[in-house]
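Colleague: Below: sequence and its predicted model.
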Amino acid sequence: MKIGLTHTGNPEKHQFYVDWLKANEEIEIVKLSAEDRNLEELNSCDGLVLSGGIDIHPRFYGNSTTNYTGAPEVFNEARDEFEMAAFQLAQENNLPVLGICRGMQLINVIHKGSMLQDLGLTLKPVHIGNPDKSHDVKIKPGTILADIVKNETTAINSAHHQAIDKLGAGLMINAVSADGVIEGIERKETAGKPFLLAIQWHPERMFRFGLENSAGSMAIRQRFIEEVKKSINENH
């Protein structure tokens, strides 16, 4: 089994994803990045994980403002374009996709959604911290995420100053925080389409809170790996 993983831009954080995805299984993780110019390697992969990282350039969601609070000094539009192309290729190849933090935001933008550029003084303290903030989220019943978590709430961690504003076409919310911030999305209609799940938190870093075996971390990984295995069987 080979899983394509987009590079966060930080080697240490990238390794967190690798360790979380592999766990104790024989899984090859393929690093995908604009710098490596290796989009074609996704054609040999069985799934795709879109990782966290730098803010998406506002032009991709129809906003010209780049000097908002918390904006990066330099955006990485090459990464934005590379990962959008990776998502589209994954869809063409019927690959399961998991989006994490920025990855969730990117999926929303690809589906013509928009971003709240900064959570502001009221909401930001709940969602961003060093290394992370821990809080509960409410899971929407009847969603894939609800089937995974098997509870109305779960403890998660987060480290983000942006959030989904307008939801993208064809998507639905599967989790929200107590203050109304969207914490997870998935497809409205799943028939005939590959698995898609996206979350705002970082399951690969929940070991920092002793929550690595929680539903918000390990159960999500297990379901994604199951979907990858199922996809392999269906496509071969």
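Modeller: Ah, there it is.

Colleague: quick one, strands of this protein?
Modeller: 2-6, 28-32, 47-50, 97-100, 115-116, 133-139, 153-158, 163-164, 171-177, 182-187, 196-199 (DSSP state E).

Colleague: Which of those sits closest to residue 212?
Modeller: Across these, the minimum distance to residue 212, taken as C-beta to C-beta, is reached by strand 153-158, at 10.7 Å. Just so you know, the C-beta spots here come from the backbone N, C-alpha and C atoms, and that holds for glycine as well.

Colleague: can you give me how far the closest one is from the chain middle?
Modeller: 14 Å (C-alpha atoms, centre = their mean, to the nearest Å).

Colleague: I'd like to know which elements that strand is packed against.
Modeller: With contacts taken as 3 or more C-beta pairs under 8 Å, 6 or more residues apart in numbering; DSSP states H and E, strand 153-158 sits against strand 133-139.

Colleague: In a markdown table, list the strands of the chain along with distance to residue 145 and mean neighbour count.
Modeller: Below are these laid out as a markdown table (distance: least, C-beta to C-beta, whole Å; neighbours: other C-beta atoms under 10 Å):
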| stretch | distance to residue 145 | mean neighbour count |
| --- | --- | --- |
| strand 2-6 | 20 | 23 |
| strand 28-32 | 23 | 18 |
| strand 47-50 | 16 | 26 |
| strand 97-100 | 11 | 26 |
| strand 115-116 | 21 | 20 |
| strand 133-139 | 6 | 18 |
| strand 153-158 | 9 | 22 |
| strand 163-164 | 15 | 24 |
| strand 171-177 | 4 | 20 |
| strand 182-187 | 5 | 25 |
| strand 196-199 | 7 | 24 |
